[in-house]
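In: Just a sequence and a predicted model for now, questions to come.
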Amino acid sequence: MSDLIRRDPRAEWIARNRLHPLHAAMQTQQQTSWMGPNGLLRKNPHAIAAGFVGPAGIKRIDRSGAQQGTGGKRSSASAEVQLPLHVIERPAFHICVVPDMVGGRLTSHDRDLLGLARKLAGDGGAVVAVLFGEDKENAFDSAGVDRLLRIDGAEFDGYAPEARVLALGAVESQLAPRHWLLPDSRSGGGELGRRLAAKLGERPATRVWQVAGEQTTGRAGAGQQDIQRALPRLILAAAECAEPVGESRHEARPLQLDAKIAHSLPRIEDLGPVAVDPAQIPMAEAEFILSGGNGVRDWPLFHRAASVLGATEGASRVAVDDGHMPRERQVGATGTWVTARVYLAVGISGAIQHLQGIGACDKVVAINLDPGCDMIKRADLAVVGDSAAILAALIERVSAYRQGGARDAA
């Protein structure tokens, strides 16, 4: 394991913000005294254990140790840091959110939507997340969910907008929510929201990127114009419509659907997903991107890895300028801004323009020889080593895994 010390910008920000609920828990214990080289005892007047912060934010020296309650001794282990729990026993109203849950997890778009729902709920309302089928998410509490309503059944699996709209109609009968929120996305939320609006007889606000008071602002005219209208009951929100919840925990208490779901003969048959060549997917719409930079020495191996992984190829500006990749595959502020769920950067040091272009990616994996480069610091998972050797090992492992799955199926 690498001895490289990774910084946590969020923890550092909390430690500086006295108004944050986790500020006290993030204060690290500092050394209060030590023996100098000439044998004299030195004391640190800035250490937390030797003083306290007054109501005006000024450090006060406590020579008695009474403020810490330890008689001048340092406290030992610190308690586990927990965000404050927000509990709503009797909600005044409900805000129902139907996230896309691509891959069984909350996407960044879903978290923005829950942040908007939390804003509309205020202190008296409860945010209800309505889910279909199984999921792999375990952080609904930190995403702002007060109630969790799961609707199970084989008829809701895959592409089943008709059955899902009928189920949402049952939720409408039971909860009568003040607002319905769905992501205006290509992953199903946009179509489901419009079908739900037709069933409820509501005129929805689409492509909403801002809600202020009783007004919504949505994009129109190919993103060149804004349309403002009164806050409707059904909102189809765009990405980055609000800040995601991050400073509190919520119950995510399970909720049962008591209303009966109406059933009808389906008119749509789901034949499963259609195989698509990753090379034909536009960069801005790709879910998995393998991006190469100046550190890639074996480009045929890079292309082979992208094919085996089923990833869309991307590149840094240096790789494009050197002629290794076409210009339309350039990622960054000077190229294409991407929103992939997984962004695998190979041999990319991490210039500021490139980091800006991948700011909306959910997970970033970096492969680089330099453990101190900016891409390694930005990555959620970093692998320090030779890119050619790592890509070759990755191709071998993925190929073996797929062959094993094919044998099991046979």
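Out: Good, I have the coordinates. Numbers count the residues shown, from 1 in each chain.
In: residues touching the nearest residue to E240 once chain neighbours are set aside, list them.
Out: In this structure, E240 finds its nearest non-sequential neighbour in D112, 5.7 Å apart by C-beta to C-beta, 6 or more residues apart in numbering. (Glycine included, C-beta is placed from N, CA and C.) Contacts of D112 were listed using C-beta atoms under 8 Å, 6 or more residues apart in numbering, and they are A237, A239, E240, C241, A242, E243, P244.
In: How many residues are close by the residue nearest to the second one when sequence neighbours are not counted?
Out: Looking back up the chat, that one is A239. Distances taken as C-beta to C-beta, 6+ apart place H109 nearest to A239, at 4.6 Å, with adjacent residues excluded. Neighbours of H109 under the rule other C-beta atoms under 10 Å: 25.
In: how close does H109 get to L181?
Out: 11 Å (C-beta to C-beta, to the nearest Å).
In: For the helix or strand harbouring W209, what is the distance to the chain centroid?
Out: Assessed by DSSP states H and E, W209 sits inside strand 205-212. Here strand 205-212 is found 20 Å from its chain centre; the criterion is C-alpha atoms, centre = their mean, to the nearest Å.
In: on that earlier part again, most neighbours among the contacts of D112, which one?
Out: Neighbour counts for these peak at A237, which has 30 neighbours (criterion: other C-beta under 10 Å).
In: OK, contacts around that residue?
Out: D112, L113, L116, L181, L182, P183, D184, R207, V208, W209.
In: quick one: the helices in the stretch 51-200 of the chain?
Out: 108-121, 161-175, 189-200 (DSSP state H, counting those that start in this stretch).
In: worst-scoring helix or strand of this protein, pLDDT-wise?
Out: strand 51-53 (a mean of 50; mean pLDDT, DSSP states H and E).
In: thinking again about what came up before, would you mind giving the contacts of D112 as TSV with distance to N294, secondary structure and pLDDT added?
Out: Below are these laid out as TSV (distance: C-beta to C-beta, whole Å; DSSP: H, G, I helix; E, B strand; the rest coil; pLDDT from 0 to 100):
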residue	distance to N294	secondary structure	pLDDT
A237	39	strand	94
A239	31	coil	88
E240	31	coil	88
C241	37	coil	92
A242	38	coil	92
E243	35	coil	91
P244	34	coil	91
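In: For the most centrally placed residue in the chain, list the residues it contacts.
Out: For the chain, the residue nearest the mean C-alpha position is S108 (4.1 Å; C-alpha atoms, centre = their mean). Residues in contact with S108, defined by C-beta under 8 Å, 6+ apart, are A239, P244, T339, A360, D362.
In: Out of the residues you listed, which is nearest to E12?
Out: P244 (19.7 Å; C-beta to C-beta).
In: burial count for the nearest residue in space to that closest one that is not next to it in sequence?
Out: Nearest residue to P244, sequence neighbours excluded (C-beta to C-beta, 6+ apart): R111, at 3.9 Å. By other C-beta under 10 Å, 22 other residues sit near R111.
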